[in-house]
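Novice: Need coordinates for the following:
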Amino acid sequence: MIDRVLIDTLNIRARDFTVKWVRKLRGIPEMKHYHKLSDEVLIDECKDIFPLLSHTLDRGLNRSTVGKFFVHLGKQRVRDEFPVSEVIYALNAAQKVVIEYIMTEFAPENPMRMYQSLGALTSVSEFFLLGSLYIIKGFLEETYTKMSSNDKQALEMFRKYFRDDFFFKKD
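Specialist: Numbers count the residues shown, from 1 in each chain. Coordinates of the predicted model:
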């Protein structure tokens, strides 16, 4: 069972977590594309992840809901010309923000919370790992769509090297 305080904090303080995420991104030199964006644009880019995580911790991992969100995010990142490596690294930075909060502010309050944090950390890791999978699926689906409408030769090469089970769900 995950403590209600953690669930509520992720939802209520989503903007605070997002601001910490932006600060974390600013300290990562490899995030060249993200560094070109203003803090407010970055906050807008990440604002929905923490409430979704809160909902997932509260209701359980729903692959359909999480998948739809992250596939859409991956497709949007292709349209905005983000490199996939930076997108995954940015998601990892969001995970680190949550883990740091749990380990420094939430868990140390008492032994029971420390014990509950172990389960929460597992759930948080599963959420972000699944998010990575679906971001890449969305990224590849959008790339596939762009290639199929623009360059038939590139599309054949894409099919040869990127064997994935796209599902092209309606948005």
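
Novice: which residue is nearest the middle of the protein?
Specialist: Among the residues of the chain, L91 comes closest to the average C-alpha position under CA atoms, centre = their mean, at 4.2 Å.

Novice: Spit out the contact partners of that residue.
Specialist: 49, 128, 131-132, 135 (CB atoms under 8 Å, 6 or more residues apart in numbering). For every residue, glycine as well, the C-beta is placed using N, CA and C.

Novice: again, 10 Å this time
Specialist: Residues counted as contacts of L91 (CB atoms under 10 Å, 6 or more residues apart in numbering) are 21, 46, 49, 70, 73-74, 128-129, 131-132, 135.

Novice: Buried residues, the longest helix anywhere in the chain. List them.
Specialist: What stands out as the longest helix in the chain, according to DSSP state H, is helix 111-150. Under the neighbour-count criterion of 16 or more other CB atoms under 10 Å, helix 111-150 has 113, 116-117, 120, 123-124, 127-128, 130-144, 147 buried.

Novice: list the helices and strands it packs on?
Specialist: For helix 111-150, the packing partners by 3 or more CB pairs under 10 Å, 6 or more residues apart in numbering; DSSP states H and E come out as helix 4-12, helix 49-59, helix 63-79, helix 84-101, helix 152-161.

Novice: do that again at 8 Å, thanks
Specialist: helix 49-59, helix 63-79, helix 84-101, helix 152-161 (3 or more CB pairs under 8 Å, 6 or more residues apart in numbering; DSSP states H and E).
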